[in-house]
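J.: I need the structure of the sequence given here:
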Amino acid sequence: PQPLSIPLRWNSLFLAVNVIMVTQLYLERKEAEEFMGEELEDLFTVGLFEKRGFGRLEFWRLFRMARREELESGFYIKRVGEEVNKLYVFVC
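T.: Predicted structure coming up:
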């Protein structure tokens, strides 16, 4: 019989990597559920993000990168011919 030490090492490595990834995903999902406050929950519901294919976790990831901005009256979000490199979500 051939020694099984090499396949056992590779399987142990794959198992360790998968355990780490599953743990990270679990902790991220738990964080999203715990810290998505009432305001973000309302925005998720009223903004129809779920209907547009966003899950709560994807929504949380998006808004973790977001920056809140209150714009002055008369501010132009886009002008003809300008390139847009931002995503705006309007909340009234």
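
J.: Low-confidence ranges, this structure, go.
T.: 1, 91-92 (pLDDT under 70).

J.: what's the residue closest to the geometric middle of it?
T.: Note on the chain: the residue nearest the mean C-alpha position is Arg61, at 2.0 Å, using C-alpha atoms, centre = their mean.

J.: Now do the same contact list for that one.
T.: The contact partners of Arg61, taken as C-beta atoms under 8 Å, 6 or more residues apart in numbering, are Ala32. (C-beta placed from N, C-alpha, C; glycine too.)

J.: can you pull the buried residues of the helix or strand hosting it?
T.: If you go by DSSP states H and E, Arg61 is part of helix 56-65. Within helix 56-65, the residues that count as buried by 16 or more other C-beta atoms under 10 Å are 56, 59-60, 63.

J.: Please save the CA atoms from that helix in PDB.
T.: Provided in PDB are the C-alpha atoms of helix 56-65 (Å, rounded to 0.1, in the frame of the first residue of the first chain):
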ATOM      1  CA  ARG A  56     -29.600  41.500   3.300                       C
ATOM      2  CA  LEU A  57     -25.900  40.500   3.300                       C
ATOM      3  CA  GLU A  58     -25.200  42.100  -0.100                       C
ATOM      4  CA  PHE A  59     -27.100  45.200   1.000                       C
ATOM      5  CA  TRP A  60     -25.000  45.400   4.200                       C
ATOM      6  CA  ARG A  61     -21.800  45.000   2.200                       C
ATOM      7  CA  LEU A  62     -22.900  47.800  -0.100                       C
ATOM      8  CA  PHE A  63     -23.800  50.200   2.700                       C
ATOM      9  CA  ARG A  64     -20.600  49.400   4.700                       C
ATOM     10  CA  MET A  65     -18.700  51.000   1.800                       C
END
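
J.: List just the nearest of the buried residues of helix 56-65 to Ala16.
T.: Ranked by distance to Ala16 (C-beta to C-beta), the buried residues of helix 56-65 are led by Trp60 at 26.9 Å.
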